[in-house]
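> structure of the sequence below:
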Amino acid sequence: MDSELSALEAKIEQAVAQLKLLRDEGRELRQQLAARTDENVRLAEKLAAAKARIEALLKQIPETEP
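Model prediction:
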């Protein structure tokens, strides 16, 4: 009986340790996702600004007759 309890206790300790690792990993992944989301927004804004500049430059080019 004692050996069964000891084995169960060891399994519970392993499960708790695994739970802690997974929680830490989940927290880290959420932080990485937030950082990537912020970066994506920043890059989308830069892309929109670059597109607007290119469109403005294209409007300045005179059209040629065929």
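
> helices and strands around whichever strand or helix holds R36, which ones?
Assessed by DSSP states H and E, R36 sits inside helix 2-60. Helices and strands touching helix 2-60, by 3 or more CB pairs under 8 Å, 6 or more residues apart in numbering; DSSP states H and E: there are none. For glycine as for every other residue, the C-beta is placed from the backbone atoms N, C-alpha and C.

> just how off-centre is it within its chain?
From the chain centre to the centre of helix 2-60 is a distance of 4 Å (CA atoms, centre = their mean, to the nearest Å).

> what mean pLDDT does that helix have?
The pLDDT scores in helix 2-60 average 97.

> assign P62 to helix, strand or coil.
coil (DSSP: H, G, I helix; E, B strand; the rest coil).

> so what's the residue count around it?
4 (other CB atoms under 10 Å).

> got the phi and psi for it?
phi -70, psi 140 (degrees, to the nearest 10).

> if I pick it, what's in contact with it?
Listed by CB atoms under 8 Å, 6 or more residues apart in numbering, the contact set of P62 is empty.

> what about E28, how many residues nearby?
Counted with other CB under 10 Å, E28 comes out at 10.

> how close does K59 get to R53?
11 Å (CB to CB, to the nearest Å).

> of those two, who's got more company?
Counted by other CB under 10 Å, K59 and R53 do not tie: R53 has more neighbours, with 10 against 7.

> contacting residues around the more buried one?
Not one residue lies near R53 by CB under 8 Å, 6+ apart.

> tell me which residue is most central in the protein.
L33 (2.1 Å; CA atoms, centre = their mean).

> how much space between that residue and E39?
On the measure of CB to CB, L33 and E39 end up 11 Å apart.

> ditto for E9
E9 sits 45 Å away from E39, taking CB to CB as the criterion.

> how about K59?
K59 is 31 Å from E39, by CB to CB.

> what's the answer for E28, then?
Separation of E28 from E39 (CB to CB): 16 Å.

> ok, E4 next?
On the measure of CB to CB, E4 and E39 end up 52 Å apart.

> now swap in A48 and tell me
15 Å.

> that's all I had, so thanks and see you.
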